[in-house]
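> I need the structure of the sequence given here:
(chains A and B)
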Amino acid sequence: MRRFAMLAVVFAAPVLVAAVSRERSLSRPATRTVWDSVYSAAQAARGETAYVAACARCHAASLGGGDEAPPLAGTGFLGNWSGQTLADLHDRIRTTMPSDDPGTFARPLITDVVAYMLKVNGFPAGAAGLPTTTDSLKEIIVRASKP
Amino acid sequence: MAPNACRVIRELSLLTVLLLSTTNVSAQTRPPFSTTKGEWPSYTGDTRGSRYSPLDQITARNFNSLEVAWRFKTDSLGPRPEFKLESTPLMVGGVLYATAGTGRAVVALDAATGAQRWVHREDEGPRGAAAPRPLSGRGLAYWTDGRQERILYITPGYRLIALDAKTGATIPSFGTDGVVDLKTDIDQTILPDIVTGEIGFQGAPVVGRDIIVIGAAFREGTAPRSFKNNKGYIRGFDVRTGKRLWIFHTIPKQGEPGYDTWEKGSAEYTGNTGVWTQITIDEELGLVYLPVESPTGDYYGGHRPGNNLYGESIVCLDLRTGAKKWHYQIVHHPIWDFDLASAPILADITVGGRAVKSVAVPTKQGILYVFDRVTGKPVWPFEEKPVEKGDVPGEWYSPTQPMPTKPPAYAKNGTSVDDLVDFTPDLKAQAVAIASRFKLGPIFTPPIVSKAEGPIATLARGPTNGGTNWPGGAYDPETHTVYVASSNSAPSVLGLVQPAKDRSDMDWVAGIAGGGGRGGLTVQGLPLFKPPYGTMSAINLDRGEITWQVAHGETPDAVRNHEALKGLTIPRTGQPGFIVGTLVTKTLVIAGDPQVTEPPGRPRGAMLRAYDKKTGAEVGAVLLPAPTSASPMTYSLGGRQYIVVAVSGGPYSGEFIALRLPSAER
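Numbering: from 1, shown residues only, chains lettered A, B, ... in the order given. Predicted coordinates:
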């Protein structure tokens, strides 16, 4: 029989985070998911150009990752980010990339790259582009599976 | 003899005993690093790549009762939080030592409570920022002569630091004020300059017989800026003084054996060929085992014709002198990024009634290469098998590659239509359509020039992110079994494009022609290949056989909840992902899931699993808030066994979590 145990203390912090997130969501609900055509094809195309120039050397042209850089597509990437907002993903890129000079990518460029990542991960494109502001991105949730 | 003389001799004898008991014990007489006393004094427990501890308090019966003893968040140990904590701590004398944080600090923690005792951090400015292997690193080394205790680690800027283990202060008598600049005294001038010159190391230094052995690493190499680079020579240093004792040229210099395997003088300018993963030492035999990486250009070797020794070779050196004892090139003329990525594992086994001191090397290929570690001869014969010759302009191809006859491959390492996902006929048809844009083939199918009209690339499994990578395996000296995790379903895209001249002077680098997300390798979000996506294997080294293999990791949410799979019963698929470190104890094999999941009945998180090491039956699992991102370790303190894991990934920043049983369950 497969069994598992929950570590109550381990979850003390995440539960706290979840509670804070719920409070935020009450004031500004996340209404869309990545399945709701949240980026445009033109944006993803710009994102691809930026990705090839700035990201592919470590994360690979296929987004499959390397020995050091994690994959940016596939079940591992989606598992880690499922349930989080695109603001979380955008912030992660903004504050940690590029690894030799973090914080130097312009916000719109990161937004384009996120759009490209959504495309390669199989999420549908739409007419409108992905927003760039953190508050707007907070309203879009990553879901590994179609709701 | 006069009574007085007798007394003098007695007193001298007593003095000798006292001196021996209070001063340095020589390296030759100290026992090797070992976990037998319940400590974890070296990166893999010992210096042999074992990751084995004989502790037996945590068992199948009580694993699910584990609770958090303490946790240590690493966010403040650098200018920003880290999301890729790959560090495995050491534990000696009740103190836990680890590298951690984006600044690669060293922390000493109370091993019972996690309370911080001291922290040491170097601010390296531009030199640290230019590091090819930044962030927390994978660990450090401990050394003692019975009197002094030292911690040794390598900064992102490639400086070797010696610290007093009790205080965290640098040791002034080591190197220059406690520091050895590893970018100097390296038989080459590091280019373009000492601040930005590309070379570093994120692994743990390893110490044996008072000698520190240091690896060398570079940036990811699929699309290098140049076919010329710095060389990854390996060096040994005196642990007391920091003096360089020897250097081994992983790319031979003119006049040295192997130079002629670099045709057209390519040994002069080719670089990389370092050891970026863990080096193994046999302290008893006085031998070092180097798992060497690829030369410059992971997928294109046209600038370096020839077999390219010692690229992708296992090399055995004399620990004292650095002289080469033997080598075996596992991949000739490397063009697949089959770096030797795992610590070699030393295993004393019995094969056909004969005792063999062996070294076993897990690989990205999912093949365990096993050698007599004294002679370098394969324990079971290797066959030089003919392999496909490609047609990339300017490339040089080896006509054959060595393939072991035993043990069998423990991971998938080629691609064919039969391997594609076939949960439903529709999914299979879509997978075939995607795969038709690529060239498929067995292991060692070479990279191709990417064409927008197809084929886009060779589709491979193994290179870069399949099989077993830096977390390596574990070895059980009781059952003579290697336990190793592998990733089966992380395809590598081996396509080549001509780079823009302002980006690289290579003739070809990794890339995909045509663009437009053509590298997408999922079928409606499902992995392109059939499960199991990841496995845990037990490989008996007396017999060269896989004794058990199980899917490792919860079925990913994207698979379990997929609308096309409703109504189907799909056994646990395991997970793709190579960051799965393995720990073996008296009865258990312990490893974490590489991905986060949220199946019905439990919160979102990643499991730390325990298997019966004899049968592979899963006997317990506990939930962690994020995937384990380093190899776990274990120790005993105050009568209680602890397991420490590093967790991080996605939005979860790095944290050490120590687990132990509740008081009542010991």
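> low-confidence ranges in chain B?
Counting by pLDDT under 70, the ranges of chain B that qualify are B:1-25, B:515-520, B:666.
> ranges for the helices of it?
B:3-22, B:125-129, B:425-435, B:557-560 (DSSP state H).
> quick one: neighbours of B:Ile247, just the number.
Here the count is done by other CB atoms under 10 Å in any protein chain shown, and B:Ile247 has 16 residues near it. For every residue, glycine as well, the C-beta is placed using N, CA and C.
> the residue nearest to it when sequence neighbours are not counted: what's it in contact with?
Once flanking residues are discounted, B:Ile247 sits nearest to B:Arg235: 4.8 Å by CB to CB, 6 or more residues apart in numbering or on different chains. By CB atoms under 8 Å, 6 or more residues apart in numbering or on different chains, the contact set of B:Arg235 is B:182, B:186, B:213-214, B:244-248, B:322.
> with distance to B:Ile330 added, can I get the residues you listed in TSV?
Formatted as TSV, the contacts of B:Arg235 follow (distance: CB to CB, whole Å):
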residue	distance to B:Ile330
B:Leu182	27
B:Ile186	25
B:Val213	20
B:Ile214	22
B:Arg244	28
B:Leu245	27
B:Trp246	24
B:Ile247	23
B:Phe248	18
B:Gly322	21
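> by neighbour count, which of the residues you listed wins?
B:Val213 (27 neighbours).
> wait, isn't that residue in contact with B:Phe201?
No: under the contact definition of CB atoms under 8 Å, B:Val213 does not touch B:Phe201, with a separation of 10.9 Å.
> OK, contacts around residue 38?
No chain in the question, so chain A it is. Taking CB under 8 Å, 6+ apart, one finds A:32, A:86, A:118, A:123, A:126, A:128, A:130, A:140 in contact with A:Val38.
> you answered for a different chain; I wanted chain B.
Contact analysis of B:Gly38 by CB under 8 Å, 6+ apart lists B:53, B:55, B:635-637, B:641.
> from those residues, pick the one nearest chain A.
Proximity of the contacts of B:Gly38 to chain A (CB to the nearest CB) peaks at B:Gln641, which lies at 16.3 Å.
> out of the contacts of B:Arg235, which is nearest to B:Lys231?
Nearest to B:Lys231 among the contacts of B:Arg235, counting by CB to CB, is B:Ile186 at 8.3 Å.
> for that closest one, which non-adjacent residue is closest in space?
Spatially, and ignoring its direct neighbours in sequence, B:Ile186 is nearest to B:Tyr233 (5.9 Å; CB to CB, 6+ apart).
> surely A:Ile93 is in a helix?
Yes: when classified by DSSP: H, G, I helix; E, B strand; the rest coil, A:Ile93 is found to be part of a helix.
> and it, what does it touch?
By CB under 8 Å, 6+ apart, the contact set of A:Ile93 is A:105, A:110, A:113-114.
> okay, now the residue nearest to B:Ala111 when sequence neighbours are not counted: neighbour count?
Leaving out its chain neighbours, the residue that sits closest to B:Ala111 by CB to CB, 6+ apart is B:Leu96, at 4.3 Å. Neighbour count for B:Leu96, taken as other CB under 10 Å: 27.
> thought B:Leu96 was touching B:Thr88?
No: assessed by CB under 8 Å, B:Leu96 is found out of contact with B:Thr88, at 10.7 Å.
> can you report how many residues lie near B:Thr547?
17.
> what are the ranges of the helices in chain A?
Going by DSSP H, chain A shows helices at A:12-27, A:41-54, A:56-59, A:75-81, A:86-96, A:107-120, A:134-137.
> any idea which of the ones you listed scores lowest on pLDDT?
Mean pLDDT is lowest for helix A:12-27 among the helices of chain A, at a mean of 40.
> residue contacts, the residue nearest to B:Ala111?
B:Leu96 makes contacts with B:89-90, B:108-111, B:114, B:644, as judged by CB under 8 Å, 6+ apart.
> one more: B:Leu624?
Going by CB under 8 Å, 6+ apart, B:Leu624 touches A:7, A:10, B:592, B:605-608, B:645, B:647, B:657.
> what's the answer for B:Leu494, then?
Counting by CB under 8 Å, 6+ apart, B:Leu494 touches B:299, B:336, B:446-448, B:457-460, B:463, B:510.
> who does it bridge with?
B:Thr458 (DSSP bridges).
> okay, strands next: where are they in the stretch 301-450 of chain B?
Along the stretch 301-450 of chain B, the segments classed as strands by DSSP state E, counting those that start in this stretch run B:313-318, B:324-329, B:345-351, B:354-361, B:369-372, B:382-386, B:400-404, B:448-449.
> A:Leu72: which of those strands is closest?
Closest approach to A:Leu72 among the strands of the stretch 301-450 of chain B (CB to CB): strand B:448-449, 23.5 Å.
> what about the closest one, near chain A?
No: Strand B:448-449 stays clear of chain A (CB under 8 Å from any CB of the partner chain), getting no nearer than 13.7 Å.
> can you list the strands that that strand pairs with?
Paired strands of strand B:448-449, with direction, are strand B:492-497 (parallel) (DSSP bridges).
> dump the strand it pairs with to CSV, restricted to CA.
Coordinates of each C-alpha in strand B:492-497 appear next as CSV, following Å, rounded to 0.1, in the frame of the first residue of the first chain:
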residue,chain,number,x,y,z
SER,B,492,17.4,16.4,-26.1
VAL,B,493,17.2,18.2,-29.4
LEU,B,494,20.5,17.7,-31.2
GLY,B,495,20.2,20.3,-34.0
LEU,B,496,22.9,22.6,-35.3
VAL,B,497,22.8,26.0,-36.8
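> from the contacts of B:Leu624, which would you call buried?
A:7, A:10, B:592, B:605-608, B:645, B:647, B:657 (16 or more other CB atoms under 10 Å in any protein chain shown).
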